[in-house]
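S.K.: quick one, what's the 3D model for this:
(one chain, ligands or ions: 1)
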Amino acid sequence: MKFAVKAWSNGKARTGILQLGNCPASIQTPALLLSTRKGLPHFIPPDLLPSLPFPHSHLLQVSPLHFLEGLSPKTISSLGGLNQMLGLPDYAFAAVARDSMQSLPEYNSTNKIGASFQTRCGRFLIKPVDYVEMISCMRPNVWATLADEVPAWVPEKRNKTSVDRTVRWLDECIALSSAGGAILGSIVGGSDVEERERCAQEVARRSVSGYLIGGFGLGESIEERPALLNAVTDMLQEEKPRFVCGLGLPEEVLQGVAAGIDLFDSEYIYHLTLGGIALTFPPCGVEINASEFQPSYIGIEQTKINLRATIYRKDTSPIFENCGCYTCQNHTRAYINHLLNVHEMLAHILLEIHNTHHYLSFFKSIREAIEAGEFDKFRHRFIESRCESDDHPAVAVAACV
Ligand SMILES: [Zn+2]
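M.R.: This is a model prediction of the structure:
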């Protein structure tokens with residue numbers, strides 16, 4: 001893995017270039033990793049994957065824990081690792097143990113031996129040695145070390161223990177690792193600024209290729225996040241990429257970018273798609289022209305729409321005008337509404353294509369704003385437009401910025 005920072009804007013927001021082994025082109029950051037279930041997107045079949053923007057859709061996030069109930073690590077290894085087994089030779093994989101869908105950290109059962117996760121097939125205690133074996137058999141391009149992630153409300157003592165364990169497991173993972181793949185050192189610390197700094201300092205001293213900032217989206221408030229994120233990124237080497245898990249909403253992504261984060265997960269897209277929701281906000285906040293984006297129906301918010309609603313039964317327009325995605329080029333809101341109402345899986349396939357395409361466009365707009373030196377302007381205009389459409393401007397702007 002190679003990473004280089006390209007441009008800065010308004011303090012810490014930055015663009016960069018990430019090169020990963022088998023990915024045929026470099027990926028520009030800030031970037032979105034496509035979340036997967038067992039290595040493949042949740043709904044989009046492999047033959048429609050190339051319809052997503054290239055090369056920005058070629059970075060996939062996988063949790064090794066998704067395979068616990070199925071193929072053994074040795075079988076995956078004998079099948080050639082993730083790329084060969086999944087038939088995706090020119091995609092890059094980033095492995096992270098935790099996700100918010102199928103492998104949730106279970107802090108009450110985590111102990112000094114290993115991290116506990118609640119999965120669909122039960123609770124598992126994962127020791128560093130087992131985790132590294134899974135990684136070495138799956139051969140992802142990048143992988144994050146095991147972390148003891150705790151929610152924001154745990155007592156101070158438990159939070160300190162989580163930092164101590166995460167740093168110890170980092171050393172164990174580095175010592176056990178001999179199979180290659182770039183290592184992202186996991187950083188935790190809950191909602192305590194000092195513990196966040198301590199963990200980031202310890203991880204920055206180790207021989208890692210980048211950082212995974214964990215423990216977000218676990219009960220901390222949106223107001224306390226900037227201080228926590230900045231406490232971490234201030235301690236990290238600038239030339240190494242930073243990946244955060246648990247920040248998914250557009251406002252949260254902008255908070256992360258402002259603090260110098262380069263990579264984000266896309267579980268937000270999964271949850272929207274599952275609920276029949278389509279993104280419809282203008283991805284480029286700087287060029288918002290209110291007259292172009294008035295909703296077709298009074299009372300419907302502009303940022304996303306629920307395609308299950310009966311008002312879309314006869315709507316012959318695409319999900320989002322001017323969207324170049326496969327779904328919007330070929331299908332209407334009425335058709336997707338029908339598919340949702342008759343429980344056809346194609347509804348979720350088409351929705352995931354649109355939502356992923358739309359969010360990748362949002363990331364492209366962020367990169368363009370940073371390169372133009374106008375990230376702060378972009379962020380303020382974007383949040384103001386979202387808050388206006390949600391009818392509670394003052395509170396939301398204050399919370400988001
Ligand atoms: Zn679309």
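S.K.: pretty sure residue 153 contacts residue 221?
M.R.: No: Residue 153 is not in contact with residue 221 according to Cβ atoms under 8 Å; the separation is 11.2 Å. Every residue, glycine included, has its C-beta placed from N, CA and C.
S.K.: quick check: buried residues in the longest helix belonging to the chain?
M.R.: When the chain is parsed with DSSP state H, its longest helix is helix 345-371. Using 16 or more other Cβ atoms under 10 Å as the test for burial, helix 345-371 gives 347-367, 369-371.
S.K.: same drill for residue 153 and residue 221, tell me which one is more crowded.
M.R.: Neighbours per residue (other Cβ atoms under 10 Å) separate residue 153 from residue 221, with residue 153 holding more: 12 against 9.
S.K.: next one: the closest residue in space to that one that isn't next to it in sequence from residue 268, what distance?
M.R.: Of all residues not flanking residue 153 in the chain, residue 219 sits nearest, at 5.6 Å (Cβ to Cβ, 6 or more residues apart in numbering). Plainly put, residue 219 is 17 Å away from residue 268 if you go by Cβ to Cβ, to the nearest Å.
S.K.: look at those two and report which has more neighbours.
M.R.: Shown here are residue 219 and residue 268; by other Cβ under 10 Å, residue 268 has more neighbours (22 against 13).
S.K.: what's the helix or strand hosting residue 7 in contact with?
M.R.: Here residue 7 is covered by strand 2-9, with elements defined by DSSP states H and E. With contacts defined as Cβ atoms under 8 Å, 6 or more residues apart in numbering, strand 2-9 is touched by 14-19, 28-29, 209-210, 238-241, 262, 369-376.
S.K.: list the strands paired with that strand, with their directions.
M.R.: The strands beside strand 2-9 in its sheet (DSSP bridges) come out as strand 13-19 (antiparallel).
S.K.: now the partner strand against helix 345-371, angle please.
M.R.: With axes from the mean of the first three to the mean of the last three Cα atoms, to 10 degrees as the basis, strand 13-19 and helix 345-371 are set at 120 degrees to each other.
S.K.: immediately after strand 13-19, which helix or strand?
M.R.: In N-to-C order, the element after strand 13-19 by DSSP H and E is strand 27-29.
S.K.: quick one: strands adjacent to that following strand?
M.R.: strand 13-19 (antiparallel).
S.K.: in the strand it pairs with, what's buried?
M.R.: Buried residues in strand 13-19, counted by 16+ other Cβ under 10 Å: 13, 14, 15, 16, 18.
S.K.: nearest to residue 71, of those?
M.R.: Distance to residue 71, by Cβ to Cβ, is smallest for residue 18 among these, at 28.7 Å.
S.K.: can I assume residue 99 sits in a strand?
M.R.: No: secondary structure of residue 99 (DSSP: H, G, I helix; E, B strand; the rest coil): coil, not part of a strand.
S.K.: list the contacts for it?
M.R.: Residue 99 makes contacts with 35, 61, 63, 245, 265, 267, as judged by Cβ under 8 Å, 6+ apart.
S.K.: show me which of those residues neighbour the ion.
M.R.: Filtering the contacts of residue 99 for proximity to the ion (criterion: Cβ under 5 Å from the ion) leaves nothing.
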